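[1] Sequence isn't available, so here's the structure alone:
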């Protein structure tokens, strides 16, 4: 008696197996009969888009809530993202057979990870931490001691990990262990380079974190939808789904969005004021000239159906155009690099923590490139143009000891006296 699942279809050679029921594939003869030119995976394509859109809505909503909560919560979000990225990358070259022979070896990776975290954030936020605890003398002394011996502490932890690694070396496992040691350090460089610049941007003003991050999200979404509906011409072999139509449409959308978002974000002190300590209170500051509107009158020939003849533009919007250009043209290469990396290791995604998007690393590939550029651009072109007396005083308070501040005060007094007597 024949099993129906293995029987041949009528009129077909006995060696062929009947097509499985429920397959999404459209039989060629059916497509020809109906004049149908549907894509093979057309149904799954739309299902994938819906899953991706659903996840995106949740991510954007959660992101907006964290931005509302403030600097410390954004920093905490960055730390969580780092941990997920490190986990995904640690697992990429993990081999279960070798790991079973090396108990505690994975713990060593996380030891180096948290040592790097202590070094990077302790160095970056030490003065803000001191400013937070100035009212409590005991806590102030403890924190001051930590700041003073921060580098020694981190070095001790690193050396402890180094000795731990040497003591766990096992015969016939040397190559695997040293490759994992090198891989761990590469992960730390990739993850903490990006995150260090990101956190620095956050405390300079949420604006300098939010705008670049938003532009990458907008570019990614726009590229997906333009490519989905209009994509015809392949862009790069590393990413077969990327198209020129998606790339160009996303670039135009991102640059326009950069100009408009900068105007919207730049009007809120919560987003533009730097955070001088690690508290969560409301911020009040002089935003500086970049966030003070300049007014332009539109020429008579320019159609202004929905606009007033006089429009207000924040100077920071011109900087935003350059950020938008970078997010459109250069930052996507972070994604292409990640695509090539995944192809080298023959994986589809770095993880599966975000439905429809892959892992956290898949979402952060372009953000890493953008965060570094945003920090360098801000320090090189924005800070010199946006200096105010309040900002200069902040730098003196944040970065100089009491003795150095006293020396600055004395020196300024001498300069003012010399100028006063010189003019008289």
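    In hand now; what should we look at? Quick caveat: nothing in here was measured; it's all calculated off a predicted structure.

[2] Does residue 409 lie in a helix or a strand, and which?
    helix 402-423 (DSSP states H and E).

[3] Please report the distance of residue 124 from residue 278.
    Between residue 124 and residue 278 the computed distance is 12 Å (CB to CB, to the nearest Å). All C-beta atoms are positioned from the backbone trio N, CA, C, and that covers glycine.

[4] sorry, back to before: elements contacting the helix holding residue 409?
    helix 389-399 (3 or more CB pairs under 8 Å, 6 or more residues apart in numbering; DSSP states H and E).

[5] just checking, what packs against the helix it packs on?
    On a contact count with 3+ CB pairs under 8 Å, 6+ apart, helix 389-399 meets helix 105-132, helix 402-423.

[6] Identify whichever of those helices lies nearest to residue 331.
    Taking CB to CB, helix 105-132 is the member of these nearest to residue 331, at 22.4 Å.

[7] Quick one: distance of the helix or strand following that closest one to the chain centre.
    Going down the chain from helix 105-132, the next helix or strand is helix 137-148, by DSSP H and E. Centroid displacement of helix 137-148 relative to its chain, using CA atoms, centre = their mean, to the nearest Å, is 32 Å.

[8] May I see the buried residues of the helix or strand following helix 137-148?
    The helix or strand immediately downstream of helix 137-148 is helix 150-167, counting by DSSP H and E. Residues of helix 150-167 classed as buried by neighbour count (16 or more other CB atoms under 10 Å): 153, 154, 157, 158, 161, 165.

[9] what does helix 150-167 contact?
    Here helix 150-167 makes contact (CB atoms under 8 Å, 6 or more residues apart in numbering) with 108, 111, 112, 115, 118, 119, 122, 123, 126, 146, 177, 181.

[10] Just flag the most distant two among those.
    Among these, 126 and 177 lie farthest apart (CB to CB), at 34.3 Å.

[11] Can you mark which positions in the helix or strand containing residue 195 are buried?
    Residue 195 belongs to helix 174-204 when assigned by DSSP H and E. For helix 174-204, a neighbour-count test (16+ other CB under 10 Å) marks 176-177, 180-181, 183-184, 187-188, 190-192, 194-204 as buried.

[12] neighbouring contacts of the helix holding residue 409?
    Residues contacting helix 402-423 (CB under 8 Å, 6+ apart): 396, 397, 400.

[13] residues in contact with the last one?
    The neighbourhood of residue 400, defined by CB under 8 Å, 6+ apart, consists of residue 408.

[14] phi, psi of it?
    phi -110, psi 150 (degrees, to the nearest 10).

[15] Could you check how far it is from residue 406?
    From residue 400 to residue 406 the distance is 9 Å (CB to CB).
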